[in-house]
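Chemist: Curious how this folds, go ahead:
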Amino acid sequence: MNSSLIAPCGMNCNLCMAHLREKNSCPGCRIKNADKPKTRTGCIIKNCQILKDNNLKYCSKKCDEYPCQRLKNLDKRYRTKYSMSMIDNLEFIDQNGVKNFLQNEEKKWIKGNKIFCVHDKKHYELK
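Modeler: Below you'll find the predicted structure:
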């Protein structure tokens, strides 16, 4: 798994249907100078001024507004629909680092040469 595919909101884009699909694959919100879906370029969290002003890579308790309402709403939707939590991901990253987060995610989502997509509940060949 690629750490540049962990979004500021805590989404593991390695597991995202938009990233895993063959046609018009999303490179992730951290990749610069790439054609990205409009939802990624206009993302409120990705474009958060507090993250930019404080040179923060991820939302965290270093922000006075953490977790902001936008992050709470996103987290609630993902907990309900996809059984994953952005806030839990961010807490793990904050406490253990992104390297340990990725190792944990690999154990959880990768089986052999297949990766599980949280959105459509299918397995995809690793890229």
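Chemist: contacts and neighbour counts: CA atoms only from here.
Modeler: Noted.
Chemist: After the helix-or-strand element of the chain with minimal mean pLDDT, which helix or strand is next?
Modeler: Every helix and strand in the chain was compared by mean pLDDT, DSSP states H and E; the lowest is helix 38-41, with a mean of 56. Per DSSP states H and E, the first helix or strand lying C-terminal to helix 38-41 is helix 49-53.
Chemist: Whatever helix or strand comes next after that following helix - contacts with which helices or strands?
Modeler: As assigned by DSSP H and E, the chain's next helix or strand after helix 49-53 is helix 69-82. Using 3 or more CA pairs under 8 Å, 6 or more residues apart in numbering; DSSP states H and E, the elements in contact with helix 69-82 are helix 86-96.
Chemist: If you count neighbours, what's buried in the helix it packs on?
Modeler: For helix 86-96, a neighbour-count test (16 or more other CA atoms under 10 Å) marks 86, 87, 89, 90, 91, 92, 93, 94 as buried.
Chemist: Tell me, please, where in the protein the pLDDT is lower than the cut-off.
Modeler: Scanning the chain for pLDDT under 70 picks out 32-41.
Chemist: OK, contacts around the residue nearest the centre of the chain?
Modeler: In the chain, the centroid-proximal residue (CA atoms, centre = their mean) is residue 11; its distance is 1.7 Å. Contacts for residue 11 were tallied using CA atoms under 8 Å, 6 or more residues apart in numbering; they are 86, 89.
Chemist: Compute the distance between it and residue 93, please.
Modeler: 11 Å (CA to CA, to the nearest Å).
Chemist: Please apply the same query to residue 106.
Modeler: Taken as CA to CA, the span from residue 106 to residue 93 is 14 Å.
Chemist: Residue 73 now?
Modeler: 20 Å.
Chemist: what does stretch 93-104 contact?
Modeler: 1, 2, 3, 60, 89, 92.
Chemist: can you give me the end-to-end distance of that stretch?
Modeler: So stretch 93-104: terminal residues 11 Å apart, CA to CA.
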